[in-house]
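S.K.: Have a look at this prediction, sequence included:
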Amino acid sequence: MTDSVPHHPQHFAIAIDGPAASGKSTIARELAKRLGLIMVNSGAMYRAVTWQALKSGVDPHDPHAVIAMLDRLEIACGDDGVTSTIAINGTDPGDELRSPQVNAHVSAIAAIPEVRARLVALQRDYLNRTDVVMEGRDIGSVVFPDTPYKIYVDAAEHVRAARRVDMGEVDSVAKRDAADSRRATAPLMVAEGATVLDNSDHTVESALEATLAILKRQGLPV
Ligand code: DC
C-alpha cells in the first residue's frame, strides 16, 4: 500500500497513533484546535462499518460477508469545519459508534484488508481538501508514511482501562489492543520516524505542550 501513497503538495497531515484510550483523541482534538486544522478520527470509520454490519446482521468475523456488504455501502466522509464527519448510506450513526457491541467487534472488521483499503483511500482523500490532524493506529505507518509529523501516544494499561471506565464505556481495551497489534495488515505499531509520547501522567494542557514541542523538533513551524 505504501508504494501507491499519493503526493499532496498543497496540504499536510499530522499523524497521531496509539492504543485504545491512550488519550490520542484528546491530544488530536486540542492540537487541531490550537493549530486551526481539521481533526480526523479514523477509528470512527472502522466503527461505522462495524455498526452497519451489526445493523445488517452481517457477521463481523466473516470477511466474505463483510466485503459483500462493503461493496454496497455508500461511505461519505467530510468535516464540519472542526472535526471529521461520517455517514453510512446517508445516516450518521452518532453515539452508536461507541456502543459495547461496536467496541467488541471493531477489531475483527479492522483486520480485513479490503475494509482497510477502502477506508485508507478515504483518509488520504482529506489531503486533497485540507490540512489535518489524523488519529488512528496506522496513520504514520500506512496512511501518511511520508509525513514528517508523527507521534505515537502511549499510556500505562491500567491508566487506559481506568479512562474507559471514567467515560462510562464497556470496552476491553487490552483485548482490542492485542487484536489490533497482532493483525497481519497495518498492525498498531510505532511508525518509522514517530516520537513516542508517554501520556500516563499528563494533564490535557501538559500533553498538548509536549505534543507541540515534539512537532517543533520534527520541523513544524509552531
Ligand atoms: O480509535 P478507536 O478506538 O475509536 O478505533 C476503533 C478501532 O478501529 C480500533 O480498535 C482499531 C481500528 N482502527 C484501525 O484499525 N486503524 C485506524 N487507523 C483506526 C482505528
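M.R.: Cool, got the structure. The model shown is predicted, which means the values in this text are computed figures rather than measured ones.

S.K.: mind listing what's buried in the lowest-mean-pLDDT helix or strand in the chain?
M.R.: When each helix and strand of the chain is scored by mean pLDDT, DSSP states H and E, helix 157-166 comes last, with a mean of 87. Neighbour-count burial for helix 157-166 flags Val159, Arg160, Ala161, Arg163, Arg164 (criterion: 16 or more other C-beta atoms under 10 Å). C-beta: built from backbone N, CA, C; applies to glycine.

S.K.: After it, which helix or strand is next?
M.R.: helix 173-182 (DSSP states H and E).

S.K.: Any idea how far that following helix is from the middle of the chain?
M.R.: 14 Å (C-alpha atoms, centre = their mean, to the nearest Å).

S.K.: Could you check how far Asp59 is from Asp138?
M.R.: Distance, Asp59 to Asp138, using C-beta to C-beta, to the nearest Å: 24 Å.

S.K.: one step back: would you reformat the buried residues of helix 157-166 as a markdown table and include distance to the ligand?
M.R.: Below are the buried residues of helix 157-166 laid out as a markdown table (distance: C-beta to the nearest ligand atom, whole Å):
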| residue | distance to the ligand |
| --- | --- |
| Val159 | 15 |
| Arg160 | 11 |
| Ala161 | 13 |
| Arg163 | 11 |
| Arg164 | 10 |
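
S.K.: so which of the residues you listed comes closest to Val49?
M.R.: Arg164 (21.4 Å; C-beta to C-beta).

S.K.: returning to that earlier point: looking at Asp59 and Asp138, which one has more neighbours?
M.R.: Asp138 (24 against 13; other C-beta atoms under 10 Å).

S.K.: Test of understanding: give the bridge partners of Ala76.
M.R.: Beta-bridge pairing of Ala76 under DSSP bridges involves Ala87.

S.K.: Check whether it really touches Ala87, as I assumed.
M.R.: Yes - with contact defined as C-beta atoms under 8 Å, Ala76 counts as touching Ala87 (4.4 Å).

S.K.: Would you map the strands across this structure?
M.R.: For the chain, strands defined by DSSP state E occupy the ranges 13-17, 38-41, 75-79, 84-88, 132-136, 150-154, 195-198.

S.K.: which ones are touching Lys150?
M.R.: Contact analysis of Lys150 by C-beta atoms under 8 Å, 6 or more residues apart in numbering lists Ile14, Ala15, Asp17, Ile139, Gly140, Ala191, Gly193, Ala194, Thr195, Gln218.

S.K.: go on, Arg176?
M.R.: Counted by C-beta under 8 Å, 6+ apart, Arg176 has contacts Ala20, Asn103, Val106, Ser107.

S.K.: neighbours around Pro63, how many?
M.R.: Neighbour tally, Pro63, other C-beta under 10 Å: 17.

S.K.: Ignoring the adjacent residues along the chain, who's closest to it?
M.R.: Using C-beta to C-beta, 6 or more residues apart in numbering and skipping residues adjacent in sequence, the residue nearest Pro63 is Ile112, 4.9 Å away.
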